[in-house]
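# Return atomic coordinates for the entry below.
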Amino acid sequence: MTMHSDNHISTRSRKTSEGSLVLHEDTFYEYFKPYRHPKSNHNIWGGNGIETFGADFSLLQTLPAENVWTVIDGENSDQWISPGIHHVNRICYLVTKIPHNWLEVEFKVPQRLSSLTRIGLLRQINKLKKRTSGN
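Numbering: from 1, shown residues only. Modelled structure (predicted):
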């Protein structure tokens with residue numbers, strides 16, 4: 001992963017580092033609380049997405065980087081939600097109420113639609129809380 005001084009990530013592999021946490025997309029929605037920005041011009045990614053071009057991309061650049069995520073097209077038709085602004089294989093961007101603070105985490109959006117059970121979701125939320133608290 002290549003970091004620039006503006007905290008934007010230019011390229012990345014779908015292979016995660018040893019310290020990176022990989023969780024299900026349900027955990028992302030539950031914990032980070034993505035929302036539709038009122039100035040967003042397109043209805044993508046369930047209404048929460050911000051486009052990768054035009055006025056939406058200009059809007060994105062005005063938002064706090066710690067609240068921006070990129071939906072990335074991955075291998076095997078899976079998609080990923082990753083912190084920061086990525087340019088390679090991007091589908092759209094998401095903005096969240098809770099900042100990621102550059103946590104090494106990715107959320108898998110499986111090609112085959114699936115949801116976590118309530119207990120599975122709670123387990124993943126607990127893993128995420130431990131990682132964000134530094135324990």
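
# May I have the longest helix anywhere in the chain as CSV, with CA atoms only?
Scanning the chain for the helix with the most residues, using DSSP state H, yields helix 118-133. What follows is helix 118-133, C-alpha atoms only, in CSV (Å, rounded to 0.1, in the frame of the first residue of the first chain):
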residue,chain,number,x,y,z
ARG,A,118,-26.9,-11.5,15.2
ILE,A,119,-24.3,-13.4,17.3
GLY,A,120,-21.9,-13.4,14.3
LEU,A,121,-22.3,-9.6,14.0
LEU,A,122,-21.8,-9.1,17.7
ARG,A,123,-18.6,-11.1,17.6
GLN,A,124,-17.2,-9.1,14.7
ILE,A,125,-18.2,-5.8,16.4
ASN,A,126,-16.3,-6.9,19.5
LYS,A,127,-13.2,-7.7,17.4
LEU,A,128,-13.5,-4.2,15.8
LYS,A,129,-13.9,-2.5,19.2
LYS,A,130,-10.8,-4.3,20.6
ARG,A,131,-8.8,-3.2,17.6
THR,A,132,-10.0,0.4,17.9
SER,A,133,-9.3,0.5,21.6
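
# as a whole number, average confidence for that helix?
Averaged over helix 118-133, pLDDT sits at 95.

# other SSEs contacting the strand or helix carrying S82?
Here S82 is covered by strand 79-83, with elements defined by DSSP states H and E. Judged by 3 or more Cβ pairs under 8 Å, 6 or more residues apart in numbering; DSSP states H and E, the packing partners of strand 79-83 are strand 68-73, strand 105-109. Just so you know, the C-beta spots here come from the backbone N, C-alpha and C atoms, and that holds for glycine as well.
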